[in-house]
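**Q** The following comprises the amino acid sequence and a computationally predicted model.
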Amino acid sequence: MKLKTFILKYRLWLIILPIAISLIMALPLKNARINPDLMEYLPEDIESKINMDKLEDVFGKYDPVIIIVEAEDILNQQTLERLYDINKKIKQSRELDDLISIFESKYIRGEDGMMLVDPVIGRVPKTEIDKELLRKQIKDNELAYKLLVSEDFRYTIFIVNIAEGVSDDVAINLIDKIINEFPGEEKFYLNGLPFLRDEIQSLATRDLAILFPLGMLIMIAFLYISFRQLRSVLLPFSVVLMSIIVSMGLMPLLGYELSMIAVLVPILMISIANNYGVHIVARYQEIRMHNPEWTMQQITAETISLLNVPIILTALTTIVGILGMAAHIMIPAKQMGIVSAVGIGFALLLSIFFIPALMSYMKKGNPKKYTNGGKSGIINKLLLWAGSITTASPRKVIIAFLLFFIISGIGISRLRVSINLESMLSSSHPMQQSTKIANEHFGGTKNLSVLFTGDIKSPEAMKNIEYFGDELEKIPLVKNVNSIAKVIKIISKALNDPGDEYYGIIPNNREAIAQYIEFYSMSGDPEDFERIVDFDYTKSLLNVQFKANDINDFYFVKNKIDELISQSEFAVLQSGQPMVEIEMAKAILAGQIYSLAFALFAILGLLWIIFRSIRAGLLGSLPLLMSIVCNFGLMGWLGIELDIATSLLSSIAVGIGVDYTIHLFWRLKQEIKNGSNITEAVKTTLSTTGRGITINAFSVIIGFSALFFSGLFILKTFAFLIIFSILVCLIGALILMPSICVISNPKFLK
Amino acid sequence: MKRTILITAALIFLGMIANANNPRDIAEKASNSIGFTSMEMSSTLKIFDNKGNVRERQVAVATKKFGDTYKTMIRFLAPADVKGTSMLIFDYEEKGDDMWIYMPSMRKTRRIVSSEKGRSFMGSEFTNANMSKPNFDDFNYSTIGTETIDGKEFWKIESICKTESIADEYGYSKQVAYIEKLSYLTHKVEYYDRYNELQKIMTISDFRKQSNGVYFAYYMEMNNVQNGRKSVMTVNLFQLGSSLKETDFSTTSLEKM
């Protein structure tokens, strides 16, 4: 049975079945939830995550929120009184743990034969003299100055861990509430992963709620402007709606949690899933125009037989390109690849079966003026121009493209992989501001921990820890190193007088170290050490706080630590969020290469099979390659970093962009088969199929442009780049490809 | 007249009954039932973390009251690395404690001044507040019930810190003590944190009657139900009274020990 006969015979079922499937798939959507935990975007079995778990087992989960306070002078009475109230309230709330602040950290010192352990700020100074005395004390305090209070006394920080079982949003809302409870002139900024997660969560939720309807509205408007006919809007629109439901419903069904980039799925569907329907509608209008006497069933049958092959082929190549994301290492990219591919597959089936089945029931409708070769409209003018330039001076066109290609390509050398998670947010976002302050006034926002095992109280282990600290503090990027060795040295200064043999050093015998520690447990809080040494003193952590502007800074610190570990008999491993971030950067880069390689080769293979010519494969891949190079080049030139979202766009762009070449080749082949020479074929193709391709490309671009309204900066960048890539693919298909064809007149078109 | 006397007697009698049931009086009496002015003992302190790891400390303790001040000398016997480390504590009635520590590895005595109280005793779940007599004026007392455990009758006396700063000082907002009616011995104390949730349970047992007729507990256990940690103090040797002189409780003698 021929396809058109099949469709017309079972048309009722072909309408009911997809609607039923969509309704069923809508059900699991109520279980969908957004998981903003970036760490969970990587597989569990990577080394950095295993190491982090190891440390968490011993020292507990530490995932703090950092509150930065900006004031004229932190030591002003009014400021301190406000901060004292806030400190007290935070300490009292059971949702928040382990508060570190100027009111909680210790000032350990020796005075007149006494060791004194006090909070950094015990009471608020009321006079200028007391205030300046306190300032001097803080400057002397190694545990506070430049760590909790900035050098210029304009900033101070509170670090607070979220209690187990308390969600990010509850903790962040509570912190906001506490700050607002005590109004004042000081400014507060939040930082830390929980804050980032909370922000991403709320922005992504907002995006899902706003972008999807917005994208649909834009799409409807675009379709209406293009076709000026209700059915031509509703048919592609229904395909989009149903395939969004199927792809989004698939996520909870497969047990996936929605990631931040899952927001892209509906937009991707809006942009891509209507393509096939758009082609059918355009063809229908064309046939309707030229054959006014035909019945609707005849028109439908003709549309199917003319279009089903290129539609299936373009859909397949898009699916293959998008499946490239399944080869990505980042879990959300994989998941997105899979559900989007299924969604597009569904859209393809709908376009081939559902649309024609529905069309066959419709009345013929009024013929729409189809401007085949007409002179009006920007698109038509541009296409005419493209037709003449590609046929008149193809060599010049190729050279121009080559130059553009090279200039863009140079930019790739400047391309960098993102390591700063906060760059997902816009530069005006409070998180970015707080990071800037943390980097400028405190020890930076990056923390690495080195695990030491053995008899930690032995002078050998203690001195090795001290050596790590000394070596790491020589690196300008490193702003602070905290370890049990540092605490022992501070205690030794408090216990001994300057000039004593033990003053300010790690003692040479184990007993003295043990007695220092015992001593501290009498005077300070024994829990003060819990984050740096375990209960039986067999494991200890050294924490390095540093600034890293790019991955090279990261590697510099990491490599230095690796080098020290290789020389040490006590240090075992290093761990920390930056290690996971490095893995993430690696995963982004490798995932990018895998998915792109997969997409390119698969598409090349498909083109080879479709046109039974490797030349078709190579030639057809050319605009894609160009789009990839230009995209990365532009990112390099503009300083846009490769991140989890931008690392996906090339495979998506390639999957979409290849369609234009397929449509072009397909029509060229038809025209040549009908007796045209290559120049005529190019001109006709550009003014007919070229219009479809252009409308198609613009509908994709317009679909993605909804992302400009995203709250996540990373998705806005994504929108900009994918639009650029698609434009390059479009121009490549409409101008470069025809020029090459005119010069080479390839055999596979005959 | 006769009637008046009778009434007065009845009132006095009623007053006496009320007094015997006055929760503050019960608490004070319970506190005094284990009182002494001097003693010497050796004990073992075991500190368990929530995974069952244990740290053990053996100490020799001597306490004697001079005037209004209790003076205590604590010397570490084990583990080996802190053996010989000694502490001298002056517990004043009116002001915060004075504390010195001697570290044999450096042959050095240092005074420790810490503005915080209610803190951990030697890194254990016990706090200094748990180990010393409270100031009875700091609390509001009430009897919240009676209970019979193992055939013994107990009062449940609740003491709530009068102010937030008092709560901060003691490290708990209220405590519920199980005081045996017959002996006035406290067998159990529940400590509630500042959110009024149960945080720690102290169990006291192995009471042994001393020569002066008062009891002394040889076993104390503190369970932190919130973090799963536990500390156990057992008394190995106990002697009521001490032959030590006031000069023995000084920093110079600390270094000679």
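**A** Received, thanks. Note that the structure is predicted; figures quoted are calculated from it, not measured.

**Q** Break down the chain into its strands, ranges please.
**A** With no chain named, the answer covers chain A. A:65-70, A:96-100, A:106-111, A:114-119, A:155-162, A:187-191, A:446-453, A:478-482, A:539-546, A:571-575 (DSSP state E).

**Q** To clarify, I was referring to chain B.
**A** All strands of chain B, identified by DSSP E, fall at B:38-48, B:54-66, B:69-78, B:86-91, B:98-103, B:108-114, B:139-149, B:152-161, B:174-180, B:186-192, B:198-209, B:215-224, B:230-240.

**Q** shaky segments in chain B?
**A** Scanning chain B for pLDDT under 70 picks out B:1-20, B:34-35, B:113-119, B:257.

**Q** Quick check, central residue of it?
**A** When Cα atoms, centre = their mean is applied to chain B, the residue found nearest the centroid is B:M131 (3.0 Å).

**Q** quick one: that one from chain A, how far?
**A** 13 Å (Cβ to the nearest Cβ, to the nearest Å). Where you see a C-beta, it was placed from the backbone N, CA and C, and this is true even at glycine.

**Q** same deal with B:G228?
**A** 12 Å.

**Q** residues contacting the nearest residue to that residue once chain neighbours are set aside?
**A** Once flanking residues are discounted, B:G228 sits nearest to B:N50: 3.4 Å by Cβ to Cβ, 6 or more residues apart in numbering or on different chains. Taking Cβ atoms under 8 Å, 6 or more residues apart in numbering or on different chains, we find B:N50 in contact with B:227-229.

**Q** now B:D68
**A** For B:D68, the contact set (Cβ under 8 Å, 6+ apart) comprises B:92-94.

**Q** anything in the helix-or-strand element of chain A with minimal mean pLDDT near chain B?
**A** Ranked by mean pLDDT, DSSP states H and E, the weakest helix or strand in chain A is strand A:114-119, scoring a mean of 78. Yes - residues of strand A:114-119 contacting chain B under Cβ under 8 Å from any Cβ of the partner chain: A:114-119.

**Q** Get me the contact residues on chain B for chain A.
**A** Neighbours of chain A within chain B, by Cβ under 8 Å from any Cβ: B:49, B:51, B:53, B:55, B:76, B:79-82, B:85, B:87, B:99, B:101, B:103-106, B:108, B:110-116, B:119-120, B:122-123, B:194-195.

**Q** Quick one: buried ones out of those?
**A** With burial judged by 16 or more other Cβ atoms under 10 Å in any protein chain shown, the buried subset of the residues of chain B next to chain A is B:49, B:55, B:76, B:81-82, B:85, B:87, B:99, B:101, B:103-106, B:108, B:110-114, B:116, B:119-120, B:122-123, B:194.

**Q** coming back round to it: which one of the strands of chain A lies nearest to A:K669?
**A** Judged by Cβ to Cβ, the one of the strands of chain A that comes nearest to A:K669 is strand A:446-453, at 56.6 Å.

**Q** list the helices and strands the closest one packs on?
**A** Contact here means 3 or more Cβ pairs under 8 Å, 6 or more residues apart in numbering or on different chains; DSSP states H and E; on that basis strand A:446-453 packs against helix A:47-59, helix A:459-473, strand A:539-546, helix A:551-567, strand A:571-575, helix A:577-611.

**Q** Tell me which of these sits nearest to A:W385.
**A** Nearest to A:W385, of these and by Cβ to Cβ, is helix A:577-611 at 27.1 Å.

**Q** Report all helices and strands that that closest one contacts.
**A** Contacts defined by 3+ Cβ pairs under 8 Å, 6+ apart place helix A:577-611 against helix A:47-59, helix A:296-323, helix A:331-349, strand A:446-453, helix A:551-567, helix A:614-638, helix A:646-673.

**Q** That one: how far from the chain's middle?
**A** From the chain centre to the centre of helix A:577-611 is a distance of 15 Å (Cα atoms, centre = their mean, to the nearest Å).

**Q** List the buried residues in it.
**A** Buried residues in helix A:577-611, defined by neighbour count with 16+ other Cβ under 10 Å: A:577-589, A:591-592, A:594-596, A:598-600, A:602-604, A:606-608, A:610-611.

**Q** Flag the shaky bits of chain A, pLDDT-wise.
**A** Looking at chain A by pLDDT under 70, you get A:1, A:368-376, A:523-527.

**Q** what's the spacing between the closest residue to chain B within the stretch 601-750 of chain A and A:A204?
**A** Nearest residue of the stretch 601-750 of chain A to chain B, counting by Cβ to the nearest Cβ: A:G711, 36.1 Å away. To A:A204, A:G711 is 8 Å away according to Cβ to Cβ, to the nearest Å.

**Q** Have a look at these two and say which one is more surrounded.
**A** It is A:A204, of A:G711 and A:A204, that has more neighbours when counted by other Cβ atoms under 10 Å in any protein chain shown, with 24 against 20.

**Q** so the more buried one sits right up against A:P36, yeah?
**A** Yes - if you go by Cβ atoms under 8 Å, A:A204 and A:P36 touch, sitting 6.7 Å apart.

**Q** what touches both of the two?
**A** Common contact partners of A:A204 and A:P36 (Cβ under 8 Å, 6+ apart): A:M260.

**Q** What is the burial count for the closest residue to A:K187 other than its chain neighbours?
**A** In space, and not counting its chain neighbours, A:K187 is closest to A:E70: 4.3 Å by Cβ to Cβ, 6+ apart. A total of 18 residues lie near A:E70 under the criterion other Cβ under 10 Å.

**Q** now the one 5 residues further on
**A** Other residues near A:L75 number 21, with proximity taken as other Cβ under 10 Å.

**Q** List phi and psi for it.
**A** Backbone torsions of A:L75, given as degrees, to the nearest 10, read phi -90, psi 0.

**Q** What separation is there between it and A:R135?
**A** Separation of A:L75 from A:R135 (Cβ to Cβ): 6 Å.

**Q** can you list residues touching both of those two?
**A** Shared contacts of A:L75 and A:R135, counting by Cβ under 8 Å, 6+ apart, come down to A:F153.

**Q** Look through the stretch 151-257 of chain B and state the residue closest to chain A.
**A** B:Y195 (5.8 Å).

**Q** ok, B:M131 - contacts?
**A** Contacts for B:M131 (Cβ under 8 Å, 6+ apart) come out as B:F121.

**Q** Any idea what B:T186 is bridged to?
**A** Under DSSP bridges, the beta-bridge partners of B:T186 are B:I179.

**Q** Using PDB, list the CA coordinates for stretch B:103-110.
**A** Taking Å, rounded to 0.1, in the frame of the first residue of the first chain, the C-alpha atoms of stretch B:103-110 are listed here in PDB:
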ATOM      1  CA  MET B 103      52.000  21.200  80.300                       C
ATOM      2  CA  PRO B 104      54.800  18.900  81.200                       C
ATOM      3  CA  SER B 105      56.300  18.700  77.700                       C
ATOM      4  CA  MET B 106      57.100  22.400  78.000                       C
ATOM      5  CA  ARG B 107      57.300  22.600  81.800                       C
ATOM      6  CA  LYS B 108      55.000  25.500  81.600                       C
ATOM      7  CA  THR B 109      51.900  26.800  83.300                       C
ATOM      8  CA  ARG B 110      49.400  28.900  81.500                       C
END
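
**Q** who's in contact with it?
**A** A:110, A:113-115, A:494-496, A:502, A:507, A:509, A:511-512, A:515-516, A:519, B:83-85, B:100-102, B:251, B:254-255.

**Q** Not counting residues beside it along the chain, what's closest to residue 99?
**A** As the question left the chain open, I've gone with chain A. If the residues on either side of it in the chain are set aside, A:L99 comes closest to A:V160, at 5.0 Å by Cβ to Cβ, 6+ apart.

**Q** Actually, chain B is the one I wanted.
**A** In space, B:M99 is closest to B:I112, 4.6 Å off (Cβ to Cβ, 6+ apart).
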